[in-house]
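[1] The following block contains a protein sequence and its predicted model.
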Amino acid sequence: MKVCKENFSPRPKVDSAILLIDDISKNFFEGIGEESFFEIIKAGFAHKRKVLISNLRDFAKKGNGADLKTAFSSLKISEKARAEDLTLEDWKKLIKSLIFS
């Protein structure tokens, strides 16, 4: 759901959004952990105008994005993808790759 910038005080320069993630069983989080999942999802959606790979740089082990590029490539995710472009399963695979690489 979109939340217009006019609904905030002080008013930001951009609109916001509410993201609903539902219908996920506890089994979904096996191997990645619920806390890790939502921490990385939050980072992925933190800056709407940035591509996902830029938003996730903090999670790259080497800090230079090399691990992210490898993860994106191996999962066939475009380096120009935005957080909203990934499916739930894409997110799960990416998170596993970031945690265990």
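    Looks like it arrived, so ask away.

[2] For the element among helices and strands of the chain having the smallest mean pLDDT, which helices and strands make contact with it?
    One helix or strand of the chain scores below all others by mean pLDDT, DSSP states H and E: strand 16-17, with a mean of 84. For strand 16-17, the packing partners by 3 or more CB pairs under 8 Å, 6 or more residues apart in numbering; DSSP states H and E come out as strand 2-3. Where you see a C-beta, it was placed from the backbone N, CA and C, and this is true even at glycine.

[3] show me where pLDDT drops low in the protein?
    Counting by pLDDT under 70, the chain contains low-confidence ranges at 59-66, 101.

[4] What are the boundaries of the helices in the chain?
    Secondary structure of the chain (DSSP state H): helices at 34-44, 52-55, 66-74, 88-100.

[5] Direction-wise, compare the last one with helix 66-74 and give the angle.
    Meaning helix 88-100. Interaxial angle, helix 88-100 versus helix 66-74 (axes from the mean of the first three to the mean of the last three CA atoms, to 10 degrees): 140 degrees.

[6] List the buried residues in helix 88-100.
    Buried residues in helix 88-100, counted by 16 or more other CB atoms under 10 Å: 91, 92, 93, 94, 95, 96, 97, 98.

[7] what's the closest of those residues to residue 72?
    Distance to residue 72 across the buried residues of helix 88-100 (CB to CB) is lowest for residue 94, with 7.7 Å.

[8] ok, that closest one - contacts?
    40, 71, 72, 75, 77, 86 (CB atoms under 8 Å, 6 or more residues apart in numbering).

[9] what residues does stretch 28-35 touch?
    26, 37, 88, 92, 95, 96, 99.

[10] what's the closest of those residues to residue 82?
    Nearest to residue 82, judged by CB to CB, of the contacts of stretch 28-35 is residue 88 at 15.3 Å.

[11] who touches that closest one in this structure?
    By CB under 8 Å, 6+ apart, the contact set of residue 88 is 21, 24, 28.

[12] do that again at 6 Å, thanks
    Counting by CB atoms under 6 Å, 6 or more residues apart in numbering, residue 88 touches no other residue.
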